[in-house]
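Undergrad: need coordinates for the following:
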Amino acid sequence: MNDRLPSVDFHAQHGAFGAYGSFTLGKHGATGGFTVHDGRRPGNDDVYVGILHEDGHLKLLPFFKAAGRDTQAFAIRENEPELRVESISPEDIVRRMGFGTDRWEAPGLAFELDTPLWPVPDPAQGEAEPFATACLPAVTGRLQVDNSLGTKPVLAVFGLCGEEQGLTMLNEAGMCAILRQEREGMAVPECPGLTPFAGFALEKCFGKDLLVRPPHLLGACTGFSVRVEAGQKLDLPLALGWHVAGLASAGISSRYAYLKHHTSLPAVLRTALDQEPERHRRSQEMDAELEHQESSPERRFLLSHAVRAYFACSELLRSEPTGELLYVVNEGEYCMMNTLDLSIDQAFFEQAFFPWTTEQILEQFADRYAYRDRVNLLGATSCDGGVSFTHDMGVRNVFSPAGTSSYEVSGKDRCFSFMTCEELCNWLLLFCLHTRAGNARQDWAREHLALLKECQESLLLREHPDPSLRRGRFETDSSRCGLGAEITTYDSLDASLAHARGSVYLSLKAWACHVGLARLLANLGEIPASHLSETAALRFADAVASLPEIFEGCLPANFEASQSTVLPAIEPLIYPWWWEDRDAVAETGRFSSLVHRLQRHAVAALRPGICLSPEGAWRLSSSSSMTWMSKTFLCQAVTEQVFGLSCDTQADALHARWQREGMGIWGFVDQIVDGHDVGSRLYPRGVTAWLWLTEEKIPVRAKA
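TA: Numbers count the residues shown, from 1 in each chain. Here you go, the predicted model:
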């Protein structure tokens, strides 16, 4: 695990694959706890973890706003003495976050959450038991109290206090469980000295001399206490689970896939407790595997933090009409479903842990979220455009109608316009990544050959409908834009970066698409079509390589007049690198002039005042201090793995500090301005940090 972190005061999400829920914890003086079937905010629970002494002194880890009462509406006057509730000082807390574990230690006390960040087998392969284990909607943990040097007994306490009531307490077959609205709950194994509690406030659940008052189920404060005698230690396993039994989505009616294996919340909690020893062991193994990589503590932290957010946003559903599995990654606080801009960036991680989900997303877009349009030329009538794909599949668990997204509307030329060219590129690149550009999954790829050729034709038409006028840039807008204009994923930056027409970044994405299509189609025996894309790739490469310099070495952001440069111009090089077309990105390869030009661009852009902040953080644009961490991680992978440049350890340290100290209650945040969150909170796309690990360095368990 990491050494003591510079700050222990930050939230992290602890979720489970495909369950769209999490238990958020870590920010001092803030609520956390359960978030179920909703990713817009962290939980609203005070979380109580600590030790009660005989004199009524209760010392807690600082995961709550303030202990208090909720009895005012009952006009209750009570004269009984209250406990003294005290937060443990941050200086006395050590937090260690590994790839599988998140652990807090204070004098005499430790608390750990083990998050199941593991590979998930393809459910279509028929291995029911491994899949059932992987899709359990729960996390496990351990509460440890060391009273071995004490002279008096103490109570170990774990509890939650929020707005939810409707408590159910269960004692059955060795398990003590507390359920809230049959939707979320906690459980521990039966053990000597165990007593559940419930009441209006934590102070009302206990008295002096370690008294635990009878549960008052009208209150919303609840949990477990365990008496630990002098000279003894406690190591108490804990399960935190959730369960949504009804419909999970509209537009396409579906339920959670885990319902097939886990039919009730008590069953989830019991299974989690039964599996806790194995889950704990595997989490520690994942810690060790990442620790052994050739990566800095800052990068190990950033990757571990980001992967937790991804898992908390993941949702695996089963369609009611057909029984078909539907995989969704929700876009953090925005809750858009399978945003294609994110899908392409997250695929590198998914290919290592559960590649079958990439196939799911590709087919969902092909079957329901493809559309055909026309393209508009400046000063000319529209022409056939061909096929492309929507920006997303819906929002907040409502699938949008076929061929439409929740984001895109007509008549815009910045945010909320259509991303037709970019999403076409994203779908094609996702296909090439998944098939390793035809070196894998050839039978599956051949089933989609007609669509691939249609995508190739659409890519050419959007460059220009007249083949004689194609110049290695996009010169059209989708007819869906109306009087507006197409945009790129950098829609929140300056106009030269946001606009698709003439975008250098988007031209290089098209170059990568043609490189991938040429390789994929050749592997499928489609030689004339392969040559068509190879020729197009050369055209795009030559167009970019011949652009004039700005800022002494940088590429302009747009083919038209532009005084901005964008670091992610280098981003598309990662795709041929990934599917091992190393000649395409080699200094002496068939695109050598482009590769040399992009390397010069990267070195020139990473200077203070251009794409490097005064403090040393990486920026994506020379004209904006706004950045996205996930895109920064991707660009770092290109500079180091493709160009062979050294790691920027100063930037890594600053980026890690931002996540620990500047993100408030939000866990992993992607969109940042000068170290402060401005959007894209609770975000899954930070798993581009996986690219820091070259393929040979992927943890063993992730290869399984």
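Undergrad: going forward, measure contacts and count neighbours with C-alpha atoms only.
TA: Will do.
Undergrad: okay, and residue 416 sits in which element?
TA: Following DSSP states H and E, there is no helix or strand that holds residue 416.
Undergrad: show the model's pLDDT score for it.
TA: Note on residue 416: pLDDT of 91.
Undergrad: wait, it touches residue 405, no?
TA: No - the pair residue 416 / residue 405 is not scored as a contact, 10.3 Å apart, by CA atoms under 8 Å.
Undergrad: give me the more crowded residue out of the two.
TA: Comparing residue 416 with residue 405 by other CA atoms under 10 Å, the one with more neighbours is residue 405, at 22 against 17.
Undergrad: for that one, give me its contacts.
TA: If a contact means CA atoms under 8 Å, 6 or more residues apart in numbering, then residue 405 has 390-394 as its contacts.
Undergrad: which residues of the stretch 151-300 of the chain score low on pLDDT?
TA: Across the stretch 151-300 of the chain, the ranges flagged by pLDDT under 70 are 164.
Undergrad: one step back: residue 134: which of the contacts of residue 405 is nearest?
TA: Nearest to residue 134 among the contacts of residue 405 is residue 393, at 25.0 Å by CA to CA.
Undergrad: and the closest one, what does it touch?
TA: Residues near residue 393 by CA under 8 Å, 6+ apart: 336-339, 365, 369, 399-400, 404-406.
Undergrad: kindly report the same for residue 464.
TA: 470, 474-476.
Undergrad: again, 10 Å this time
TA: Contact partners of residue 464, counting by CA atoms under 10 Å, 6 or more residues apart in numbering, are 375-377, 383, 385, 458, 470-476.
Undergrad: redo those as CSV? Include neighbour count.
TA: Formatted as CSV, the contacts of residue 464 follow (neighbours: other CA atoms under 10 Å):
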residue, neighbour count
375, 24
376, 25
377, 16
383, 19
385, 24
458, 24
470, 18
471, 16
472, 24
473, 28
474, 24
475, 21
476, 25
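Undergrad: and the helices in the stretch 251-400 of the chain, which stretches?
TA: With DSSP state H, counting those that start in this stretch as the criterion, the stretch 251-400 of the chain has helices at 265-291, 297-313, 340-353, 356-368.
Undergrad: so what's the gap between the third one and the chain middle?
TA: So that's helix 340-353. Centre-to-centre, helix 340-353 and its host chain are 10 Å apart (CA atoms, centre = their mean, to the nearest Å).
Undergrad: that helix vs helix 297-313, what angle?
TA: If you take axes from the mean of the first three to the mean of the last three CA atoms, to 10 degrees, helix 340-353 sits at 110 degrees to helix 297-313.
Undergrad: need the residues touching each of residue 416 and residue 405.
TA: With CA under 10 Å, 6+ apart, residue 416 and residue 405 have common neighbours residue 391.
Undergrad: hmm, back to that, highest neighbour count among the contacts of residue 393?
TA: Highest count within those by other CA under 10 Å belongs to residue 337, 29 neighbours.
Undergrad: skipping adjacent residues, who's closest to that one in space?
TA: residue 330 (4.7 Å; CA to CA, 6 or more residues apart in numbering).
Undergrad: got the contact list for that neighbour?
TA: With contact set as CA under 10 Å, 6+ apart, residue 330 has these partners: 20, 38-40, 310-315, 336-339, 342, 392-397, 683-684.
Undergrad: please repeat the previous calculation with a cut-off of 8 Å.
TA: In this structure, residue 330 makes contact with 39, 313-315, 336-339, 684, judged by CA under 8 Å, 6+ apart.
Undergrad: also residue 273?
TA: For residue 273, the contact set (CA under 8 Å, 6+ apart) comprises 140, 187-189, 237-239.
Undergrad: and the nearest residue to residue 521 once chain neighbours are set aside, what pLDDT?
TA: Once flanking residues are discounted, residue 521 sits nearest to residue 530: 5.2 Å by CA to CA, 6+ apart. For residue 530, the pLDDT comes out at 98.
Undergrad: three-state assignment of residue 530?
TA: helix (DSSP: H, G, I helix; E, B strand; the rest coil).
Undergrad: quick check: it vs residue 538, distance?
TA: Distance, residue 530 to residue 538, by CA to CA, to the nearest Å: 13 Å.
Undergrad: between these two, who's got more neighbours?
TA: Taking other CA under 10 Å, residue 530 and residue 538 do not tie; residue 530 has more neighbours (24 against 17).
Undergrad: I figured the more buried one hits residue 523, correct?
TA: No - Residue 530 is beyond contact range of residue 523, at 9.0 Å (criterion: CA under 8 Å).
Undergrad: which of the residues in stretch 520-533 are buried?
TA: By neighbour count on 16 or more other CA atoms under 10 Å, the buried set for stretch 520-533 is 520-524, 529-533.
Undergrad: against which helices or strands is the helix or strand encompassing residue 515 packed?
TA: Assigned by DSSP H and E, residue 515 falls within helix 504-523. Contact partners of helix 504-523 among helices and strands, from 3 or more CA pairs under 8 Å, 6 or more residues apart in numbering; DSSP states H and E: helix 420-434, helix 449-463, helix 527-545, helix 574-578.
Undergrad: show me what the longest one is packed up against.
TA: Contacts of helix 527-545 with other secondary structure elements, assessed using 3+ CA pairs under 8 Å, 6+ apart, are made with helix 504-523, helix 592-605.
Undergrad: is it possible to export the ones you listed to TSV including mean pLDDT and distance to residue 155?
TA: TSV is the format used below for the helices and strands packed on helix 527-545 (pLDDT from 0 to 100; distance: least, CA to CA, whole Å):
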stretch	mean pLDDT	distance to residue 155
helix 504-523	97	60
helix 592-605	97	58
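Undergrad: please identify the most buried of those.
TA: For the helices and strands packed on helix 527-545, the largest average neighbour count (mean count of other CA atoms under 10 Å) is found in helix 504-523, namely a mean of 26.
Undergrad: ok so, going back, what about the contacts of residue 330, which are in strands?
TA: 314-315 (DSSP state E).
Undergrad: biggest separation within the contacts of residue 330, which pair?
TA: Across the contacts of residue 330, no pair lies farther apart than 39 and 339, at 14.5 Å, counting by CA to CA.
Undergrad: if we can go back for a sec, now the buried residues of stretch 520-533 in CSV, with distance to residue 349?
TA: Shown next, in CSV, are the buried residues of stretch 520-533 (distance: CA to CA, whole Å):
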residue, distance to residue 349
520, 21
521, 25
522, 27
523, 25
524, 26
529, 30
530, 28
531, 31
532, 31
533, 27
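Undergrad: which one of these sits closest to residue 542?
TA: Using CA to CA, the buried residues of stretch 520-533 come closest to residue 542 at residue 533, 14.1 Å.
Undergrad: all set, thanks.
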